[in-house]
Each structure stands twice: as structure tokens, then as C-alpha cells.
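K.L.:
Build me a model from this:
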Amino acid sequence: MKSLVTIGRGGTGKSSFTALMAKCLIEKGHSPMLLVDADPDQNLGEMLGVD
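P.N.:
Now for the predicted structure:
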């Protein structure tokens, strides 16, 4: 499965949505999973507890 989450504006929940979607998919057995955070602020890793 391939998914892309992109919205140009800041503060719209891209990272939150991506983190929740990843956690749900992993719980359903879709792993391993690669997530790429191309946002200059890069807070997706922080949300997931990884560097």
C-alpha cells in the first residue's frame, strides 16, 4: 500500500493524521513501514517517539 499526505498550509494536521494512520496500519499488521517527513519542522518523528 502506498499513501501520500500533502497539504500546503501549516497547522492543518498533516503530521497528526500521518502518525495516527501509521499507528492504525501497524496495528492491523501492515509493517514494516517507512514514513518520510519532508516538512522542515520535522515533528512526525517526535510524535511517534523516534528520531
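K.L.:
can you list the residues that contact stretch 42-51?
P.N.:
Stretch 42-51 is contacted from outside by Ser15, Ser16, Thr18, Ala19, Ala22, Lys23, Leu35, Asp37, using C-beta atoms under 8 Å, 6 or more residues apart in numbering. Yep, even glycine has a C-beta here, placed from its N, CA and C like the rest.
K.L.:
And what about the first one, helix, strand or coil?
P.N.:
It refers to Ser15. Of the three states, Ser15 takes helix under DSSP: H, G, I helix; E, B strand; the rest coil.
K.L.:
From Phe17, how far out is the nearest residue to it once chain neighbours are set aside?
P.N.:
The shortest distance from Ser15 to any non-neighbouring residue, by C-beta to C-beta, 6 or more residues apart in numbering, is to Leu44 (4.7 Å). Distance, Leu44 to Phe17, using C-beta to C-beta, to the nearest Å: 10 Å.
K.L.:
neighbour count winner among these two?
P.N.:
Between Leu44 and Phe17, Leu44 has the larger neighbour count (other C-beta atoms under 10 Å), namely 19 against 12.
K.L.:
Model confidence score at Met1, please.
P.N.:
What the model reports for Met1 is a pLDDT of 76.
K.L.:
Cool, thanks, signing off.
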